[in-house]
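Undergrad: Below are the sequence and a predicted model; questions follow.
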Amino acid sequence: VAGRGDARLGVERSSLHGRVRAGQALLDHRLVVQPHVGISSHSIDGMTGLGARPARPTAALPSPGTRQTGLRPGLDLQFDTRDERLQATSGVLLQATWAQYVSLDATPLRFDQAEIDAYGYLPLGGPHRLAVRLSGMTTQSRGDAPVPIYMLPRLGGEQVPGLARGQFVGNDRLISSLLYRFPLKR
């Protein structure tokens, strides 16, 4: 996790996630509704850069040896009008996920996370097309305990090529992109 100047914090953690979901496809498989329940466990193995803590942290800064386990019930929705699943040239894909984290430990940690992803494809003629993406994620605490920094949305190289891995962390994340796509070989 990186911040401004000397406010860098390195968190070494081990995580285990499991999720079970069941769903129903509607409207000729264009709409999919999937309730789910998951469990996640995090163990903080070590930290670096502890000398530069912010004066008023907006997220919980863990201590080495911290363990956090909780349930994550939620709901996934997907609406798909793309002409093809892998190499779409037209249509829209909308995905929404909501989950609530409920701590199974003694800590009173409880928060909601919602994520919306929208992908649009506009044909330009032949195999040429524009691909538009808009993605947003928000975290809302439902109690007095702050959300641990390692459970907040990250913005980095995984989402935006060229950024460092996990470069920015915060309660909310918004990403957009516009790509011109064409096949080099069929």
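TA: Ah, there it is.

Undergrad: Name all residues that make contact with residue 184.
TA: Not one residue lies near residue 184 by Cβ atoms under 8 Å, 6 or more residues apart in numbering. C-beta here means a position set from N, CA and C on the backbone, and glycine is covered the same way.

Undergrad: any idea how far it lies from residue 89?
TA: 15 Å (Cβ to Cβ, to the nearest Å).

Undergrad: quick one: low-confidence parts of the chain?
TA: Along the chain, segments meeting pLDDT under 70 span 1-9, 49-62, 164-167, 186.

Undergrad: That one: strands as residue ranges?
TA: Secondary structure of the chain by DSSP state E: the strands cover 10-21, 24-26, 31-48, 67-80, 91-103, 110-125, 128-141, 154-155, 168-169, 172-181.

Undergrad: Which residue is the nearest non-sequential neighbour of the spatially most central residue of the chain?
TA: Residue closest to the average C-alpha location in the chain (Cα atoms, centre = their mean): residue 153, at 5.6 Å. Distances taken as Cβ to Cβ, 6 or more residues apart in numbering put residue 173 closest to residue 153, at 4.0 Å, once the chain neighbours are dropped.

Undergrad: Could you report the distance from the nearest residue to residue 87 once chain neighbours are set aside to residue 128?
TA: Residue nearest to residue 87 in three dimensions, not counting chain neighbours: residue 183, with 7.5 Å by Cβ to Cβ, 6+ apart. Remark: distance between residue 183 and residue 128 (Cβ to Cβ) = 9 Å.

Undergrad: Looking at the two now, which is surrounded by more residues?
TA: Legend: neighbour count by other Cβ atoms under 10 Å for residue 183 and residue 128, higher for residue 128 (13 against 10).

Undergrad: how about the more buried one, what does it touch?
TA: Per Cβ under 8 Å, 6+ apart, neighbours of residue 128: 180-182.

Undergrad: got it, and residue 101?
TA: So residue 101 contacts 40, 70-72, 109-113, 151 (Cβ under 8 Å, 6+ apart).

Undergrad: Kindly recompute the last result at 7 Å.
TA: For residue 101, the contacting residues are 70, 72, 109-111, by Cβ atoms under 7 Å, 6 or more residues apart in numbering.

Undergrad: Over to residue 26?
TA: residue 33.

Undergrad: Go through the contacts of residue 101 and say which is closest to residue 98.
TA: Ranked by distance to residue 98 (Cβ to Cβ), the contacts of residue 101 are led by residue 72 at 10.3 Å.

Undergrad: Count the residues that sit near the residue nearest to the closest one when sequence neighbours are not counted.
TA: Once flanking residues are discounted, residue 72 sits nearest to residue 38: 4.0 Å by Cβ to Cβ, 6+ apart. Residues within reach of residue 38, counting by other Cβ under 10 Å, total 16.

Undergrad: Also the one 5 residues further on?
TA: The tally of other residues near residue 43 (other Cβ under 10 Å) stands at 16.
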